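**Q** got a sequence here, can you build the structure:
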Amino acid sequence: MPDVPDDPAPPAPGAAPRPAVLRDIGSREDILLLLEDFYTAAFSDDLLGHVFVDVARMDLAEHLPRIADFWEVTLLRRGGYRGNALRPHQALHAQSPLTAGHFARWTRLWADTVRARFAGPAADRAVVQAERVAATMLKRLEIPDDGLRPWAPGPEGRTQLPLSG
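**A** Numbering: from 1, shown residues only. Down below sits the predicted model:
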């Protein structure tokens, strides 16, 4: 059985209640639930909220189906994501420079959100894939890595990312 933290991060304000027993991500509906919880937390985050709300002016009704496509392909090996995630991040970075700290917070918030709701191989892939996305974005956007990369792999390839705090 996957490790479940003794004291996971509390759900974000407005997020759905945490289930008593964590199960793995197994459907598009699970992915949509995860994304809704994540964006609820991200929009209210003191570092990321401004980027999502004021700079990107993200329209969740438009964004959720597209990002759910990405995660459905990544986690469940089905679906049909066709997109270029780098392009909108390049435009965003040109408008309001992103930092390694933004990606560190995004990665940590994502991992906290995943771990608060799910446990299993697909949930583990969700965390690892987010770490890869963040590392790729830093590199492709030529953002200096100022040591704020908590997703650096540790023993046995597992992340050293704290689950909360």
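
**Q** mind listing what's buried in the lowest-mean-pLDDT helix or strand in the chain?
**A** The weakest-scoring helix or strand in the chain, judged by mean pLDDT, DSSP states H and E, is helix 86-95 (a mean of 81). Buried residues in helix 86-95, counted by 16 or more other Cβ atoms under 10 Å: 89, 92-93. Where you see a C-beta, it was placed from the backbone N, CA and C, and this is true even at glycine.

**Q** now W110, nearest residue through space, not along the chain?
**A** Among residues not flanking W110 along the chain, A130 sits closest, at 4.5 Å (Cβ to Cβ, 6 or more residues apart in numbering).

**Q** cool, and G83?
**A** Nearest non-adjacent residue to G83 (Cβ to Cβ, 6+ apart): R66, at 6.4 Å.

**Q** how about the residue nearest in space to the middle of the chain, secondary structure?
**A** Taking Cα atoms, centre = their mean, the centroid of the chain lies closest to W110, which sits 3.2 Å from it. Three-state call for W110 (DSSP: H, G, I helix; E, B strand; the rest coil): helix.
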